[in-house]
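**Q** using only what follows, build the 3D model:
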Amino acid sequence: MANSVETVDTVTRRQSAALWRTVALVAGDALAFLVFAGVGRRQHGETSGLGAVGYVAWTALPFALGWFAVSPWLGAYRRRLTNGVKRMLGRTELAWVASYPVAVALRLLFVRDALTPAQLATFALVILIANALFLGIWRTAFAFIEGAVSHSRA
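**A** Presented below is the predicted three-dimensional model:
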């Protein structure tokens, strides 16, 4: 009987750890998109910073929605596909490249810009690269810290 109690406790701890990990990744991902939007708004001379959180969030929303709609289907939150720095970075970039067209389409639906085709192409390229960097840096740091913590417990 003691073994079944230990098994239930172990399962409960694993589920709790998995939930914490997912919540931390989602929160960090959302923050990465907010940082991206804040930096972008500042680069374009638009209001940014803490006083413009609503504007920054609105700017980040289509990119985050595209990410959260697509990336889970590609395993961006699965531990077995994102454990370790290399796996996390690889899965993050794969998921972003797949999420990117949805994010750009949502951005075009949310905001009607009078961009020329050349400006739109440049804008789309900046979105691709900048979000790949922000997500990649954040998630690589997460995987590094997660690995260090689990290694120190072993």
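
**Q** which residue is nearest the centroid of the protein?
**A** With distances taken as CA atoms, centre = their mean, the residue of the chain nearest its centroid is residue 29 (2.9 Å).

**Q** that residue contacts residue 134, doesn't it?
**A** No - the pair residue 29 and residue 134 does not pass the contact test of CB atoms under 8 Å, sitting 9.3 Å apart. C-beta: built from backbone N, CA, C; applies to glycine.

**Q** ramachandran angles for the residue nearest to the centre of the chain?
**A** The phi/psi pair for residue 29 (degrees, to the nearest 10) reads phi -60, psi -50.

**Q** continuing past the helix or strand of the chain with the lowest mean pLDDT, what's the next helix or strand?
**A** Here the helix or strand of the chain ranked lowest by mean pLDDT, DSSP states H and E is helix 2-43, holding a mean of 85. Next helix or strand after helix 2-43 toward the C-terminus (DSSP states H and E): helix 53-70.

**Q** for whichever helix or strand comes after that next one, name the packing helices and strands.
**A** Next helix or strand after helix 53-70 toward the C-terminus (DSSP H and E): helix 79-82. Counting by 3 or more CB pairs under 8 Å, 6 or more residues apart in numbering; DSSP states H and E, the packing neighbours recorded for helix 79-82 are helix 85-110.

**Q** can you pull the contacts of the residue nearest to residue 40 when sequence neighbours are not counted?
**A** With sequence-adjacent residues excluded and distances taken as CB to CB, 6 or more residues apart in numbering, residue 40 is closest to residue 59, at 6.8 Å. When contacts are counted by CB atoms under 8 Å, 6 or more residues apart in numbering, residue 59 touches 37, 40, 41.

**Q** can you pick the most crowded of those?
**A** The most crowded member of the contacts of residue 59, judged by other CB atoms under 10 Å, is residue 37 (26 neighbours).

**Q** does that residue touch residue 57 like I think?
**A** Yes - the criterion here is CB under 8 Å, and residue 37 meets it with residue 57 at 7.5 Å.

**Q** ok, back up a step: between helix 53-70 and the least confident helix or strand of the chain, find me the angle.
**A** Computed by axes from the mean of the first three to the mean of the last three CA atoms, to 10 degrees, the angle separating helix 2-43 from helix 53-70 equals 130 degrees.

**Q** about what we covered before: who touches the residue nearest to the centre of the chain in this structure?
**A** Contacts of residue 29 by CB under 8 Å, 6+ apart are 64, 67, 68, 71, 135, 138, 139.
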